[in-house]
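Asks: below: sequence and its predicted model.
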Amino acid sequence: MRGIVWFRRDLRLNDQPALTAACEDCSEVIPLFVFDDPLLQSHVFGSACVNFMLGCLEDLAASLASRGITLQWRRGEPVEEVVHVARAWKADVVYWNRDYEPAAIERDRTVQQQLAQIGVVVRTFKDHVVFEAEEVRSATGEPMQRYSAYRARWWMKWQAMQPTTLPVPRLLTAEKAVSLPAPPPLPSASDLGYEPVTLWIEPGERIAQKRLRRFVEGPIHTYITGRNLPAVDGSSILSPHFRFGTLSARAAVHAALASLAQGRRVSRPDVFIWIDELVWREFFQQVLAAFPRVVDEPFRQVPAPAPRAPGTERDRLYQAWREGKTGFPIVDAGMRQLNQTGWMHNRVRMIVASFLIKDLRIDWQSGERYFMQRLIDADVAANNGNWQWCASTGTDAMQGYRIFNPLLQSKKFDPKGEYLRKYVPELAAVPTDQIHAPHLMTHEDQALAKCRIGIDYPSPIVDHRQARDEYLALGKLQRTR
């Protein structure tokens with residue numbers, strides 16, 4: 001029997017359910033990746049994300065080649081390409097791991113229907129999450145809309161099932177290879193219409209495993225503190241690997257729990273807080289699967305202040321935010337980190353999102369779209385869920401509005417200004433006690449620091465206290481209508 005394994009968001013050999021099943025079922029296995037031309041041409045994602053994907057594919061192709069298997073690839077409309085090669089290669093079955101984004105669900109349904117028409121069987125598997133949406137439900141069987149309740153049931157499910165991981169299929173050998181014309185080299189970012197970039201985070205399964213080992217051997221045990229310090233390497237930085245499936249969530253949870261048995265100092269609370277971040281990821285996935293409308297609209301309709309009207313002032317503020325020229329160092333450092341590296345520290349993501357929505361009164365959808373175009377770990381469910389959380393339109397039940405004070409956040413989480421100096425070099429010589437609010441420096445201090453406010457570094461584009469008061473007042477007015 002000949003089977004095609006359609007790789008998508010699962011670019012690895014370890015713990016790969018579709019690949020494992022194909023190797024067990026079939027005498028011949030063809031690994032396939034399809035570059036989705038319509039999606040690439042839409043530029044929903046940016047160059048960092050595309051370059052990372054290409055790096056992951058190169059690593060996957062090399063891993064397969066070392067076992068005598070060739071990764072085949074095609075470009076075009078995915079439904080057409082998969083059906084075409086299934087027919088051309090005389091496949092009996094096509095395997096893939098499920099995706100939960102609304103467009104992907106519709107795509108996969110169409111592929112399955114068209115393959116059935118030509119007599120090709122489809123087998124799909126759970127992979128991108130530990131538990132799919134229907135596996136973690138409320139007592140009444142409804143989708144869960146509160147993270148705390150979802151988390152409790154997720155852990156109950158884990159304890160009951162103890163999901164296992166799969167090794168690299170031992171049957172993945174040259175004996176499974178199919179004699180097909182060798183594909184050309186994988187396309188470059190330029191070939192796909194994107195700018196080549198030097199990646200700040202290395203791609204590929206081997207790097208993901210190495211990063212996970214380093215994290216669970218050290219930083220995970222100080223995660224509660226370390227995750228909030230942008231100048232410290234205290235987080236896992238594995239989100240791009242989860243995004244493209246070079247590491248499975250199951251393997252990550254097992255590795256984290258196994259770290260508690262290490263001989264060195266370990267911290268159970270820190271480990272579980274990190275695993276909870278993976279649970280958040282799955283919560284947002286099940287929200288997207290159960291409520292696909294969140295892609296285009298708020299999860300909850302709340303009496304929030306109306307966004308700033310389109311116009312010159314709105315455009316000026318939005319551009320300053322995008323370029324990291326707001327005059328608020330922690331906001332500017334975050335945006336410049338995003339623009340330069342394709343990644344942003346999670347604490348800073350919350351700060352810059354709050355600033356855009358609450359201080360500048362610009363719609364959260366604009367921020368969500370910009371992040372999707374810039375993030376190396378661009379993921380619809382996580383990006384949408386986090387932006388709606390910051391906009392107070394998401395699933396959590398917090399009453400009122402969550403408004404971050406950028407000055408206080410900066411002082412608390414980057415007290416020495418190390419993160420600020422790294423990404424806002426204009427402030428390199430500003431003393432630590434002045435770096436969080438450089439606009440308060442005297443002219444003499446500015447001269448000594450070689451940082452003239454309004455010239456070398458911008459003045460604040462808004463007054464935070466005034467912007468906060470205006471936002472709350474507008475919100476109160478909305479609630480009384």
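Replies: Yes, it's here.
Asks: element containing Ala473, please.
Replies: helix 464-480 (DSSP states H and E).
Asks: quick one: buried residues of that helix?
Replies: Burial within helix 464-480, assessed by neighbour count using 16 or more other Cβ atoms under 10 Å, is assigned to 464, 467-468, 470-471, 475. Just so you know, the C-beta spots here come from the backbone N, C-alpha and C atoms, and that holds for glycine as well.
Asks: can I get that helix in PDB? Just the C-alpha atoms.
Replies: These are the backbone C-alpha positions of helix 464-480, laid out as PDB (Å, rounded to 0.1, in the frame of the first residue of the first chain):
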ATOM      1  CA  HIS A 464      -0.500  58.200  30.000                       C
ATOM      2  CA  ARG A 465      -2.500  59.400  33.000                       C
ATOM      3  CA  GLN A 466      -4.600  61.600  30.800                       C
ATOM      4  CA  ALA A 467      -5.100  58.900  28.200                       C
ATOM      5  CA  ARG A 468      -6.100  56.400  30.900                       C
ATOM      6  CA  ASP A 469      -8.600  58.800  32.500                       C
ATOM      7  CA  GLU A 470     -10.100  59.500  29.100                       C
ATOM      8  CA  TYR A 471     -10.400  55.800  28.300                       C
ATOM      9  CA  LEU A 472     -12.100  55.100  31.600                       C
ATOM     10  CA  ALA A 473     -14.400  58.000  31.200                       C
ATOM     11  CA  LEU A 474     -15.500  57.000  27.700                       C
ATOM     12  CA  GLY A 475     -16.000  53.400  29.000                       C
ATOM     13  CA  LYS A 476     -18.200  54.700  31.800                       C
ATOM     14  CA  LEU A 477     -20.200  56.700  29.300                       C
ATOM     15  CA  GLN A 478     -20.700  53.600  27.200                       C
ATOM     16  CA  ARG A 479     -22.000  51.600  30.100                       C
ATOM     17  CA  THR A 480     -24.600  54.200  31.100                       C
END
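Asks: so what touches it?
Replies: If you take Cβ atoms under 8 Å, 6 or more residues apart in numbering as the criterion, helix 464-480 is touched by 303-306, 328, 358-361, 400-401, 403, 405-407.
Asks: which one of those sits closest to Cys390?
Replies: Proximity to Cys390 was ranked across those by Cβ to Cβ; first place goes to Lys358, at 8.5 Å.
Asks: any idea how many residues pack against the closest one?
Replies: Close neighbours of Lys358, defined as other Cβ atoms under 10 Å, add up to 25.
Asks: now do the SS call for the nearest residue to it once chain neighbours are set aside.
Replies: With sequence-adjacent residues excluded and distances taken as Cβ to Cβ, 6 or more residues apart in numbering, Lys358 is closest to Ile403, at 4.6 Å. In three-state terms, and counting by DSSP: H, G, I helix; E, B strand; the rest coil, Ile403 is coil.
Asks: tell me the mean pLDDT for the helix holding Ala473?
Replies: The average pLDDT within helix 464-480 is 84.
Asks: just the buried ones from the contacts of helix 464-480?
Replies: In terms of neighbour count (16+ other Cβ under 10 Å), the buried residues within the contacts of helix 464-480 are 304-305, 328, 358-361, 401, 403, 405-407.
Asks: for those, which one is nearest Pro230?
Replies: Proximity of those to Pro230 was ranked by Cβ to Cβ; the top entry is Pro406 with 12.9 Å.
Asks: the residue nearest to Gly46 when sequence neighbours are not counted sits in which helix or strand?
Replies: In space, and not counting its chain neighbours, Gly46 is closest to Gln373: 4.3 Å by Cβ to Cβ, 6+ apart. In this structure, Gln373 is located in helix 364-374 according to DSSP H and E.
Asks: which one's the longest helix in the chain?
Replies: The helix spanning the most residues in the chain, taking DSSP state H as the definition, is helix 268-290.
Asks: which other helices and strands contact it?
Replies: Contacts of helix 268-290 with other secondary structure elements, assessed using 3 or more Cβ pairs under 8 Å, 6 or more residues apart in numbering; DSSP states H and E, are made with helix 147-161, helix 223-226, helix 249-258, helix 380-390.
Asks: ok, 10 Å please
Replies: Helix 268-290 sits against helix 102-117, helix 147-161, helix 205-216, helix 223-226, helix 239-244, helix 249-258, helix 380-390, with contacts defined as 3 or more Cβ pairs under 10 Å, 6 or more residues apart in numbering; DSSP states H and E.
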